[in-house]
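In: the following block contains a protein sequence and its predicted model.
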Amino acid sequence: MHFDKSPKEKPCCTLPTVKKLLEEKRRRESSSVSPSCSAASTSPGPSNTVTQLSSSEVFTCSGASSSSYTDMAVSFEPWTPAPEPTLGYYGSHPGPSFAPAFSLAMASEYGTQQQLPGFVDTMTPTYQDCQMPVADPTLASSWSPLGLSQNTQMSFGSSMDAAKLEEARMLLRGMDYSRTTGQDEDGDTILHIYTAKGLRECAFAAAERLREVGRLDAKEHKGKTALLVAVTANQPDIVQDLLSLGTDINACDVNGQTALHLAVHYGFPEVLQAVLSSRPAVNLEACNFEGMTPLHCAAISHSATMKALSTTGLEDVGLHSKAAEKLSCVEMLLSAGASLCSQEIKSNKTVLHLAVKEGNIDLVRYLLVPLPNIKAFVNMKAHGHTALHMAAGLHGNPHQEEILQLLLRRGADPSIRNLENDQPAHLLQSGPRGEQLKLMLKKRSASSRRRCMSSQDQE
């Protein structure tokens with residue numbers, strides 16, 4: 001006998017997913033930042049506290065994999081920005097200022113991890129395609145987080161509300177097993193949802209439950225674990241909580257993006273600080289599926305914000321602040337031991353190539369601070385092109401001459417030829433401006449040859 005199936009019960013309203021929650025959060029926050037740069041329009045998330053929890057406010061789930069979560073506790077206390085950290089990221093630098101004006105005092109060095117042994121500071125006539133050693137991922141095992149004491153409390157380390165945490169635990173204990181450990185049709189667990197909403201106590205209780213069943217690192221359909229959602233939602237306290245419970249710090253999404261990649265892409269210094277506190281486990285040289293390390297992503301993201309800032313007439317306060325935050329992310333990675341000499345897998349570009357190619361004068365200035373072996377770093381090649389070749393190709397860029405001068409002062413060799421047998425002077429624009437810059441390069445090239453011949457005569 002055939003029986004008609006009862007129709008599936010449908011929710012009376014659209015149910016939230018992690019993707020929708022994060023998109024709504026970013027749209028709300030972008031109202032205070034110029035919409036011209038989506039990657040630079042996020043700001044610190046809402047408070048992590050919940051005003052009240054009851055069984056009626058918690059999601060319902062008819063199955064472990066085929067249904068969605070309803071809305072959960074979403075009442076937030078008014079959010080106020082965390083105070084600016086007063087501690088420096090490393091000894092020689094007072095730490096970034098998140099003031100509207102984009103003006104950061106640059107350090108004279110990044111740290112001991114950046115020294116590259118075995119290079120004598122003399123002008124050499126030729127350079128190899130890549131003379132510089134790429135940092136081993138285990139470099140992170142010997143650094144002190146951000147140049148601070150191991151016992152120094154981080155600026156985001158607010159304590160959890162014990163009463164609300166216990167209330168959340170009791171609530172979860174009274175729920176069905178499939179509701180606390182299952183995933184909806186988008187792959188979201190209860191932990192993903194709580195994390196996206198910034199409900200810290202609820203997220204911690206849910207993480208404890210998932211850890212008991214070995215599902216703390218469950219991934220939603222885009223490959224994001226709860227940790228990656230916490231990073232994207234700019235929730236440093238939840239990031240720290242998840243790390244304390246043993247989440248995989250090097251987990252990546254479907255694009256190969258780790259927590260470090262996402263933190264620097266969005267320009268979240270406090271989240272990055274929380275992730276970097278997990279040394280030595282965190283892999284500073286992890287490559288995403290585009291072959292880029294977190295340092296490469298930080299440089300690209302900062303350049304995008306600076307480009308958006310230039311199109312708004314340099315008067316957008318929100319973009320100024322975001323540019324400062326993204327530059328501080330570059331500083332923090334270098335302080336932690338990220339290698340300046342790491343090259344993109346696809347293009348062989350270093351972070352200097354990426355900064356010069358976009359005409360990012362602020363980042364170029366920072367990267368070209370006095371360092372041991374700076375000459376070898378400046379003359380590294382990306383498919384035959386040095387940074388000087390790329391600077392010569394910045395036709396019409398207002399910072400072209402300054403970038404060329406900075407590179408030359410740090411030992412860039414204008415006589416090096418690329419794979420097409422072109423020197424940087426051959427790539428300059430035509431006209432009076434190009435001739436002026438060409439003369440500058442030729443003078444430096446002649447001076448370099450004289451120094452080289454003088455050193456050979458002395459030998």
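Out: Here it is on my side, so go on.
In: residue 191 touches residue 228, doesn't it?
Out: No: judged on C-beta atoms under 8 Å, residue 191 makes no contact with residue 228 at a distance of 11.7 Å. C-betas here are computed from N, CA, C, even on glycine.
In: pretty sure residue 379 is in contact with residue 414, am I right?
Out: No: using C-beta under 8 Å as the test, residue 379 is too far from residue 414 to be in contact (10.3 Å).
In: what's the overlap in contacts for these two?
Out: Residues touching both residue 379 and residue 414 by C-beta atoms under 8 Å, 6 or more residues apart in numbering: residue 388.
In: and stretch 196-203, what's its mean pLDDT?
Out: The average of the pLDDT scores along stretch 196-203 is 96.
In: one more: stretch 215-226?
Out: Per-residue pLDDT over stretch 215-226 has a mean of 96.
In: which helix or strand contains the residue nearest to residue 168 when sequence neighbours are not counted?
Out: Distance criterion C-beta to C-beta, 6 or more residues apart in numbering; nearest residue to residue 168, sequence neighbours excluded, is residue 205 at 3.9 Å. Per DSSP states H and E, residue 205 falls inside helix 200-212.
In: list the helices and strands that helix packs on?
Out: Using 3 or more C-beta pairs under 8 Å, 6 or more residues apart in numbering; DSSP states H and E, the elements in contact with helix 200-212 are helix 162-173, helix 177-181, helix 190-197, helix 226-232, helix 236-244.
In: ok, which of these comes nearest residue 322?
Out: helix 226-232 (15.6 Å; C-beta to C-beta).
In: give the other helices and strands that that closest one contacts.
Out: By 3+ C-beta pairs under 8 Å, 6+ apart, helix 226-232 packs against helix 18-30, helix 190-197, helix 200-212, helix 236-244, helix 259-266, helix 269-276.
In: residues in contact with the residue nearest to residue 226 when sequence neighbours are not counted?
Out: Spatial nearest neighbour of residue 226, excluding adjacent residues (C-beta to C-beta, 6+ apart): residue 191 at 4.5 Å. By C-beta under 8 Å, 6+ apart, the contact set of residue 191 is 203, 206, 207, 210, 216, 218, 226.
In: my read: the third one touches residue 217, true?
Out: No: under the criterion of C-beta under 8 Å, residue 207 lies out of contact with residue 217, with a separation of 10.2 Å.
In: who has more neighbours, the two?
Out: Between residue 207 and residue 217, counted using other C-beta atoms under 10 Å, residue 207 has the larger neighbour count: 26 against 17.
In: in stretch 236-251, what counts as buried?
Out: Of all the residues in stretch 236-251, those buried under the rule 16 or more other C-beta atoms under 10 Å are 236, 237, 238, 239, 240, 241, 242, 243, 247, 248, 249, 251.
In: against residue 304, how distant is the second one?
Out: Relative to residue 304, residue 237 is positioned 28 Å away (C-beta to C-beta, to the nearest Å).
In: remind me which residues of the stretch 51-200 of the chain are low pLDDT?
Out: 51-157 (pLDDT under 70).
In: picking that back up, could you report the separation of the residue nearest to residue 226 from residue 274?
Out: Distance, residue 191 to residue 274, using C-beta to C-beta: 17 Å.
In: next: residue 170.
Out: Counting by C-beta to C-beta, the separation of residue 170 from residue 274 is 28 Å.
In: so between these two, which is more surrounded?
Out: The neighbour comparison of residue 170 against residue 274 (other C-beta under 10 Å) goes to residue 274, with 28 against 11.
In: ok now do residue 196, which residues does it touch?
Out: 18, 21, 22, 25, 229, 233.
In: most neighbours of all those residues, which one?
Out: Result: residue 229 is most packed of the contacts of residue 196 (other C-beta under 10 Å), 30 neighbours.
In: OK, contacts around it?
Out: If you count contacts by C-beta under 8 Å, 6+ apart, then residue 229 has 18, 22, 192, 195, 196, 220 around it.
In: need the overlap of contacts for residue 207 and residue 217.
Out: Between them, residue 207 and residue 217 share these contacting residues under C-beta under 8 Å, 6+ apart: 226, 247.
In: got the residue ranges for the helices in the stretch 251-400 of the chain?
Out: With helices called from DSSP state H, counting those that start in this stretch, the stretch 251-400 of the chain shows them at 259-266, 269-276, 294-311, 317-336, 351-357, 361-367, 374-378, 387-392, 400-409.
In: out of those, which is closest to residue 181?
Out: Residue 181 lies closest to helix 259-266 among the helices of the stretch 251-400 of the chain, at 23.1 Å (C-beta to C-beta).
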